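[1] My questions concern the predicted model and sequence given below.
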Amino acid sequence: MLEKSNLLTEIGRMLPSMTIGECLDIRSYKRNRIIVICRKEVDRYLLIENGFSQQSMTGHEVYILKALKKVIKKEFPRSNKLRIYREGVTDPYALSTLKRKTL
């Protein structure tokens, strides 16, 4: 679990160390809203939003971090704690629909 205020710095630290195909699964405390970030190429990332709205976007690290800031405000407006799962090489679209234990 991580504070929402520290999320962008942690994600910015994690993105360069990810291998191609590795994913980050960011969820709210109740695990009902999902953001998945997956490294597709050396300098390209895929961001999938599955919560209030469903969309996906690709881009460089700086673009993904800027887009993530907007998505966090939209998906987690009142959340203080967020969960981050570091997944291995998996299908990011399957991760965005994966049901984890709910409260």
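    Received it, and whenever you're ready, just let me know what you need.
[2] does Met57 sit in a helix, a strand or a coil?
    Counting by DSSP: H, G, I helix; E, B strand; the rest coil, the backbone at Met57 sits in strand.
[3] List the beta-bridge partners for it.
    Leu47 (DSSP bridges).
[4] Arg86 now?
    Leu24.
[5] Confirm for me that Thr90 is in contact with Thr19.
    No: in this structure, Thr90 is not within contact of Thr19 by C-beta atoms under 8 Å, at 11.8 Å. Yep, even glycine has a C-beta here, placed from its N, CA and C like the rest.
[6] Quick check on the two: which one has the bigger neighbour count.
    Taking other C-beta atoms under 10 Å, Thr90 and Thr19 do not tie; Thr90 has more neighbours (15 against 8).
[7] What lies in contact with stretch 56-63?
    Stretch 56-63 has contacts (C-beta atoms under 8 Å, 6 or more residues apart in numbering) with 12, 15-16, 40, 43-49, 64, 67.
[8] Over to stretch 87-99?
    With contact meaning C-beta under 8 Å, 6+ apart, stretch 87-99 is reached by 19-25, 34, 36, 38, 46, 48, 50.
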